[in-house]
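J.: no sequence on hand, only this structure:
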């Protein structure tokens, strides 16, 4: 089983972003969470899906640090969808 197969069957939503915070990969669970297919989402800015300032700020901070950054729990307002905690 390769990494894409493994990520594809995980029940956790996985979204991989590039340095510009554009989506380069998302698994099926992320598609359900965001209400968008990966085909339509690849290449879009992840911030397109967020209306939550605090989460956007944390993503921008992580990008500026140029090192891995983990957000353990954060309230997020998804555009057009309900508020969730991730």
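T.: Thanks, I have the structure now. Quick caveat, the model's predicted, so the values are computed rather than measured.

J.: what is the burial count for residue 27?
T.: For residue 27, the neighbour count with other C-beta atoms under 10 Å is 21. In short, each C-beta sits where N, CA and C put it, glycine included.

J.: distance of it relative to residue 50?
T.: Note on residue 27: its distance to residue 50, by C-beta to C-beta, to the nearest Å, is 18 Å.

J.: ditto for residue 34
T.: The spacing between residue 34 and residue 50, counted by C-beta to C-beta, is 10 Å.

J.: hang on, residue 40 is in a strand, isn't it?
T.: No: going by DSSP: H, G, I helix; E, B strand; the rest coil, the assignment for residue 40 is helix, not a strand.

J.: for it, give me the pLDDT.
T.: For residue 40, the model assigns a pLDDT of 92.

J.: just the one 10 residues further on next, same as before
T.: For residue 50, the pLDDT comes out at 75.

J.: any idea of the pLDDT on the closest residue in space to it that isn't next to it in sequence?
T.: Among residues not flanking residue 50 along the chain, residue 56 sits closest, at 5.4 Å (C-beta to C-beta, 6 or more residues apart in numbering). Residue 56 is assigned a pLDDT of 75 by the prediction.

J.: burial check on residue 26, number of neighbours?
T.: 23.

J.: just the one 3 residues further on next, same as before
T.: Residue 29 has 17 neighbouring residues, counting by other C-beta under 10 Å.

J.: what about it, which helix or strand?
T.: Taking DSSP states H and E as the criterion, residue 29 maps to helix 28-34.

J.: flag every buried residue along that helix.
T.: Of the residues in helix 28-34, 28, 29, 30, 31, 33, 34 count as buried by neighbour count, 16 or more other C-beta atoms under 10 Å.

J.: quick one: the residue nearest the centre of the chain and residue 24, what's the gap?
T.: Geometric centre of the chain, nearest residue: residue 15, 4.1 Å, by C-alpha atoms, centre = their mean. Distance, residue 15 to residue 24, by C-beta to C-beta: 9 Å.
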